[in-house]
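Asks: structure of the sequence below:
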Amino acid sequence: MNTTLIIIAIVLALVGILGAIIPGLPGPPISWIGLMLLSFSNAADYTPLVLVLTALLAALITVLDYLVPSYFTKKMGGGKPGIWGCNIGLVVSLIGLPFGPQGLLGVIFWPFAGALIGELIFKKEFPLAIKAACGAFVGFLTGTLLKLTYGIAIAVVIVKDVITYILI
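Replies: Here you go, the predicted model:
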């Protein structure tokens, strides 16, 4: 059972990192579940306070991931069309990710293009649409960076504790 918990915790940590990039996959909560499962094994002994604080941080980052793009888009003069366009662009980029030359650059390009198109469809002038698209893009990058930082930090803690457990 101990080995099973350790393996599942490591897999969840990796899936949590992927969740920083893949829309609809809640990376921070998945990473936290991995941390919690590891605490049930002999590989780690986290206090309840650590588990509660890391859970609260995962919840906060997950909520901020939805609020930050809206904040930056509105701050730059955009609206819901820009936010929707950014999200649709992200989905388009992920559908094409394994195909063609766009690679990871598509994950950067398509959300920006989607926000721009969304703003232009709703009759914004081009300079204002570009500004709003930049806001949506900055918000997207900020949310992604927050999720990625949390996911990597939890993965590092899990791997460190597993390696320490194996070596001792």
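
Asks: low-confidence stretches in this protein?
Replies: For the chain, applying pLDDT under 70 flags the ranges 23, 96-104.

Asks: helix/strand/coil for the residue sitting nearest the centre point of the chain?
Replies: Central residue of the chain (C-alpha atoms, centre = their mean): Ala20, 2.4 Å from the mean position. Secondary structure, DSSP: H, G, I helix; E, B strand; the rest coil: Ala20 is coil.

Asks: which residues touch Ser39?
Replies: Listed by C-beta atoms under 8 Å, 6 or more residues apart in numbering, the contact partners of Ser39 are 45-46, 51. Backbone N, C-alpha and C define where each C-beta goes, glycine included.

Asks: now the buried members of these.
Replies: Tyr46 (16 or more other C-beta atoms under 10 Å).

Asks: relative to Ile30, which of the contacts of Ser39 is nearest.
Replies: Nearest to Ile30 among these is Leu51, at 15.0 Å by C-beta to C-beta.

Asks: other SSEs contacting the helix or strand the closest one falls within?
Replies: Assessed by DSSP states H and E, Leu51 sits inside helix 48-75. Under the contact definition 3 or more C-beta pairs under 8 Å, 6 or more residues apart in numbering; DSSP states H and E, helix 48-75 sits against helix 27-39, helix 80-96, helix 126-167.

Asks: which of those helices is buried the deepest?
Replies: helix 27-39 (a mean of 23; mean count of other C-beta atoms under 10 Å).
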